[in-house]
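1. can you look at this prediction? I've put the sequence above it.
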Amino acid sequence: MKPEIIHLTRNQGIRQPPVLSRSELQGVVSGYLERRQDYLDIAAKNQVPLYLLESQILRARARRFKQAFEDSVAGPVSVYYAVKSNNHPEVARILLEEHFGLDVSSGQELEVALGLGAEHIIFSGPGKTDKELSLAVQYASRVIVLMDSFGELERLRNITSSLNKDVRCGVRLMFNAKGLWCKFGIPTTDLGAFWKATGRCRHIQLTGLQFHSSWNLTATAQINYIQDLSEALDQLSESQISRLTFIDIGGGYWPEQGEWLQPAGTVAGKILDALGQGDEGDDRHYHLPAISIEEFARQLGEAADTYIFPRMHCRICLEPGRWICNDAVQLLISVVDKKAPDLVITDAGTNAVGWERFETDYFPILNLTRPSLSERRCRILGSLCTPHDVWGYAYFGEDIQPGDILMIPAQGAYTYSLRQRFIKPLPKLIKI
């Protein structure tokens, strides 16, 4: 059976995503190469490897996101940056200046948010400890707790009673009861019972509902759940519904360039790899397209008009992370050793991003020292003592030699936050 599976997989027996067009890729690369000298000057003044936080890009992304939803949603809108996506305090500080709130998922993140002076914080996530909940209650004027379970409700009841303090709360509704996503929130069918349970908690003010769907290339999953949410409201009385002041539709908005994949990141590639038939000779890049944030906002605004606002007047809250910070951070590294015409070792290891991202995800690698819009095959590997320390399998440049400065763009999301102190020192972050 194994040869048959391999044959079917290699011969389009499994549908592959579209191939990323060369013109689109070169358009992205040329935009970065226009600023090549700026990046080289920064590398010359600061020791590489380094993360480069471009505050103007971050601010522009924040403003565009807010404007899109304010233009498309009939009711008031509040935006909370998902701190977990990039937890460098400077990112959050800049976004506070752009009138964002902060979405935190731990006591550690909550302490940072409070220390930065954030006045509008939502505290979400499962498994909040009593210590974390107590901190939230102490700062109840600045924090809304998104409760995750009946057990958390009971513990929060005890904490608010002991501190004799009121706290504003929402409840997270389970978006997907299948698989491991069932760890988040309560089943939608339990909404009525949960509301009844809050009636025994005199210090808990239940004023909102939240759900979250991750990795949204389109708005389809969110729209479908908004429709389900409208039906779930039937469990509540009109009096209870009137007490709801916000619906939080979460985050998960994918940047509009879509998801770019190595061959190994596709379904067919994963099957071949599992069969020991991974193909390093495939130099194609694959593309899962995404819609623009303006289109997200338009479709979600229409869904709110259809399913939410006829039932209640409320604020719509959003929790973007990746969409906001992804493009605002570039990673600069250098070549240390050239071991073969098609194999180089860099000074940085992938502990800088915290996971084996580039075995499956594709990002262009730009040789700023010897620039070109032509992509050349070369295994670009890090300096960690693991074979999974991979940056990519090609670079844009005329050549590649020791000492060359390389840039991997759009590394702002789920890289810095996931970095690991493993073998090699971590890059520092430079803000411009």
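-> Alright, I've got the coordinates. Numbering: from 1, shown residues only.
2. those strands in the stretch 1-150 of the chain, which residues are they?
-> Along the stretch 1-150 of the chain, counting by DSSP state E, counting those that start in this stretch, strands occupy 50-53, 77-82, 101-104, 121-123, 143-147.
3. kindly report the same for the stretch 301-432 of the chain.
-> Counting by DSSP E, counting those that start in this stretch, the strands of the stretch 301-432 of the chain are 315-318, 329-340, 343-346, 366-367, 375-381, 390-396, 405-408, 428-431.
4. for residue 212, find the nearest of those strands.
-> Of all those, strand 315-318 sits nearest to residue 212, with 10.3 Å by CB to CB. Heads up, the C-betas are built off the backbone N, CA and C, glycines and all.
5. average pLDDT across stretch 217-229?
-> Confidence over stretch 217-229 (mean pLDDT, whole number) is 95.
6. one step back: nearest to residue 300, of the strands of the stretch 1-150 of the chain?
-> Between residue 300 and those, the shortest separation by CB to CB is 10.4 Å, and it involves strand 77-82.
7. list the helices and strands that closest one packs on?
-> On a contact count with 3 or more CB pairs under 8 Å, 6 or more residues apart in numbering; DSSP states H and E, strand 77-82 meets helix 55-72, helix 89-97, strand 101-104, strand 315-318, helix 322-325.
8. rerun that using 7 Å as the cut-off
-> If you count contacts as 3 or more CB pairs under 7 Å, 6 or more residues apart in numbering; DSSP states H and E, strand 77-82 packs onto helix 55-72, strand 101-104, strand 315-318.
9. tell me what angle the longest one forms with helix 89-97.
-> Okay, so that is helix 55-72. When axes from the mean of the first three to the mean of the last three CA atoms, to 10 degrees is applied, the directions of helix 55-72 and helix 89-97 differ by 40 degrees.
10. on that earlier part again, a markdown table please, covering the strands of the stretch 1-150 of the chain and showing mean pLDDT.
-> Shown next, in a markdown table, are the strands of the stretch 1-150 of the chain (pLDDT from 0 to 100):
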| stretch | mean pLDDT |
| --- | --- |
| strand 50-53 | 98 |
| strand 77-82 | 98 |
| strand 101-104 | 98 |
| strand 121-123 | 98 |
| strand 143-147 | 98 |
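11. of all those strands, which lies closest to residue 387?
-> Among the strands of the stretch 1-150 of the chain, if distance is taken as CB to CB, the winner is strand 50-53, at 24.6 Å.
12. partner strands of that closest one, with direction?
-> strand 329-340 (antiparallel), strand 428-431 (parallel) (DSSP bridges).
13. return the most buried member of the strands of the stretch 1-150 of the chain.
-> With neighbours taken as mean count of other CB atoms under 10 Å, the strands of the stretch 1-150 of the chain reach their highest mean count in strand 101-104, at a mean of 27.
14. hmm, back to that, out of the strands of the stretch 1-150 of the chain, flag the one nearest residue 357.
-> Using CB to CB, the nearest of those to residue 357 is strand 50-53, at 14.4 Å.
15. got the CA positions of the closest one in PDB?
-> Extracted C-alpha coordinates of strand 50-53, given in PDB (Å, rounded to 0.1, in the frame of the first residue of the first chain):
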ATOM      1  CA  LEU A  50      18.400  41.200  16.500                       C
ATOM      2  CA  TYR A  51      14.700  41.800  16.300                       C
ATOM      3  CA  LEU A  52      13.800  45.100  14.700                       C
ATOM      4  CA  LEU A  53      10.600  46.600  15.900                       C
END
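16. list the contacts of it.
-> Here strand 50-53 makes contact (CB atoms under 7 Å, 6 or more residues apart in numbering) with 42, 90-91, 328-332, 416, 427-432.
17. if you set the cut-off to 6 Å instead, what comes out?
-> Strand 50-53 is contacted by residues 329-332, 416, 427-431 when judged by CB atoms under 6 Å, 6 or more residues apart in numbering.
18. from the chain's centre, how far out does that strand sit?
-> How far strand 50-53 lies from its chain's middle: 18 Å, per CA atoms, centre = their mean, to the nearest Å.
19. could you check how far the residue nearest the centre of the chain is from residue 249?
-> Taking CA atoms, centre = their mean, the centroid of the chain lies closest to residue 322, which sits 3.2 Å from it. In this view, residue 322 and residue 249 are 15 Å apart by CB to CB, to the nearest Å.
20. with residue 114 instead?
-> Noted for residue 114: a distance of 25 Å to residue 249, by CB to CB.
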